[in-house]
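Undergrad: How does the following fold in three dimensions:
(one chain, ligands or ions: 1)
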Amino acid sequence: MHSINYGTKELFFELKQSERKSLAIEVHPDNSIKVLAPLKSSLKDIKKVVLTKSKWIVKQQSYFEQFLPKTPEREYVSGETHCYLGKGYILKIRPGTENKVKLKGGCFNVEFNGENSQQITRNLLAKWYYQHAERKFFYVANQVFQKFKEFEVEQPNLEIRRMTKRWGSCQKNGKIIINPEIIKAPTKCIEYVITHEMCHLIQFNHNKKFYELLSQKMPNWEKWKNRLEQTLS
Ligand SMILES: [Zn+2]
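TA: Coordinates of the predicted model:
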């Protein structure tokens, strides 16, 4: 990873040098920047060119930004709709004997013992989502992994971690990180994110081969990617 400074921003980019005539810059939907440069270019010259393009890079990133998950302002009061696996459920908050969340009859029933506040409801729901995300993601990951058996890769470790700008990521050591937010989207969207990350076990970068592999493992992935963007925007 290299970086340049543009105003108050530090733009990180991945550099790939190869037999090519000119320099190209790609900005990906996960806001990553990739620079393809001729073999003979020096890092200093490359950075110079990237700097002249930084205004365009930032513009591209802000375009993609709108599709990245953001948490809408929620009030955590009765009557509000919250999603789970692509369906909306009405929040019903009432006093009870313990703090708990139960999904029943099209509703998120939240019971609290003692004082209730937005914060308590928010935390109870977050915990509920996290637990269900854990179960669901591991289940889907096991299923998706069956499609990758031909590659003799080890089943990746899965970690659930809240990320502000990404649904998932794959590390060089084979660990896959999934954003618990996607539990709000339909199962197929979760399958898309996990399939995408598992394709990175074979093709680390977003190159042509990567997208060929992704289309082979999930032919209609674009549909579910769009659906995910709509659900979580
Ligand atoms: Zn990716």
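Undergrad: and Pro219, helix, strand or coil?
TA: For Pro219, the secondary structure call by DSSP: H, G, I helix; E, B strand; the rest coil comes out as coil.
Undergrad: I'd like the numbering to begin with 129 instead of 1 from here.
TA: All right, first residue 129 from here; so that's Pro347.
Undergrad: What's the local residue count around it?
TA: Summarising burial for Pro347: neighbours were counted as other Cβ atoms under 10 Å, giving 9. For the C-beta atoms, the positions are set from N, CA and C on the backbone; glycine is no exception.
Undergrad: do the same with the one 4 residues further on
TA: Applying other Cβ under 10 Å, we find 13 other residues in the vicinity of Lys351.
Undergrad: hang on, Phe265 is in a strand, isn't it?
TA: No - when classified by three-state DSSP, Phe265 is found to be helix rather than part of a strand.
Undergrad: so where do the helices sit in this structure?
TA: According to DSSP state H, the chain carries its helices in the segments 171-180, 182-193, 246-273, 315-327, 336-345, 349-359.
Undergrad: mean pLDDT for those helices: which is lowest?
TA: Here the lowest mean pLDDT among the helices of the chain goes to helix 182-193, at a mean of 85.
Undergrad: helices or strands up against that helix?
TA: Here helix 182-193 is seen to pack against strand 130-134, strand 137-146, strand 152-155 when contacts are counted using 3 or more Cβ pairs under 8 Å, 6 or more residues apart in numbering; DSSP states H and E.
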